[in-house]
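Peer 1: Structure for the following, please:
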Amino acid sequence: MEEDDETSNVVPPWVELEYAHMRTLAGANSKIYFTHLSLNETTTSGSQVESAEAFCITSGVLDLIKEKLGGSLNRVCLLDPKAEKELSPEDGDGRFDWFLFGVRDDPPRDRTGELRVIGFPGRHLGPTQMTTDTALGVTKLVVHDKVPLDEISYIVSTPLYWRCI
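Peer 2: Predicted structure coming up:
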């Protein structure tokens, strides 16, 4: 994230909605870390009773992994569209402590590549790029609820029609 300045870096409303949806999908017994935020952005995160606990921090994910997991990259699954392996219910058997999601781009710019080269074990969620909250929800269905990816149905895109009066 770029450095703080006087005029910037409040979380846009759509991002706040996505973060809130992620917390709801993860559930009350989960924790979510939002990293690489500016100082202004770290004040975001409303309280939601049935939601995951959220931590908004300025440090990067590698610093967080070092602090919380002793730097053990093999305990973190990188959700990566270019990963060779598909996420499976077996990935929820305790081999991973964390699942690491990036922020999507449209069109994709492969920013996940910066983390891929570090050596995280990676998994993909199929050929369609998803919003971050959708990726979290699908990951939970697969690793927690043990639903294989090919049994999850979803709509890839929905046309929107506008009528101007």
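Peer 1: Could you tell me which residues make contact with the closest residue to Asn74 other than its chain neighbours?
Peer 2: Nearest residue to Asn74 in three dimensions, chain neighbours excluded: Pro121, at 6.1 Å (Cβ to Cβ, 6 or more residues apart in numbering). In this view, the C-beta of every residue, glycine as well, is placed from N, C-alpha and C. Residues in contact with Pro121 (Cβ atoms under 8 Å, 6 or more residues apart in numbering) are 73-74, 76-78, 96.
Peer 1: Okay, helices next: where are they in the protein?
Peer 2: Counting by DSSP state H, the chain has these helices, from start to end: 13-26, 61-69, 113-116, 132-143.
Peer 1: Please state the offset of the first one from the chain centre?
Peer 2: When you say that, I think you mean helix 13-26. Distance of helix 13-26 from the chain centroid (Cα atoms, centre = their mean, to the nearest Å) equals 10 Å.
Peer 1: what's near enough to touch the residue nearest to the spatial centre of the chain?
Peer 2: Centroid-nearest residue in the chain, with Cα atoms, centre = their mean: Phe101, separated by 3.2 Å. Going by Cβ under 8 Å, 6+ apart, Phe101 touches 79, 132, 135-136, 139.
Peer 1: Ok, Val142 next?
Peer 2: 87-89, 91-92, 148-149, 152.
Peer 1: ok, now Phe120?
Peer 2: Here Phe120 is in contact with 73, 76-78, 80, 100 (criterion: Cβ under 8 Å, 6+ apart).
Peer 1: want to throw those residues into CSV with distance to Thr158?
Peer 2: Formatted as CSV, the contacts of Phe120 follow (distance: Cβ to Cβ, whole Å):
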residue, distance to Thr158
Leu73, 37
Val76, 33
Cys77, 29
Leu78, 29
Asp80, 26
Leu100, 28
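Peer 1: Could you list which of the residues you listed belong to strands?
Peer 2: Here DSSP state E is the test, and the contacts of Phe120 give 76-78, 100 as lying in strands.
Peer 1: count of residues packed around the spatially closest residue to Thr128 that is not a sequence neighbour?
Peer 2: Once flanking residues are discounted, Thr128 sits nearest to Val156: 5.5 Å by Cβ to Cβ, 6+ apart. Applying other Cβ atoms under 10 Å, we find 8 residues neighbouring Val156.
Peer 1: what does Val76 give?
Peer 2: Residues near Val76, counting by other Cβ under 10 Å, number 22.
Peer 1: now swap in Glu114 and tell me
Peer 2: Glu114 is flanked by 9 other residues according to other Cβ under 10 Å.
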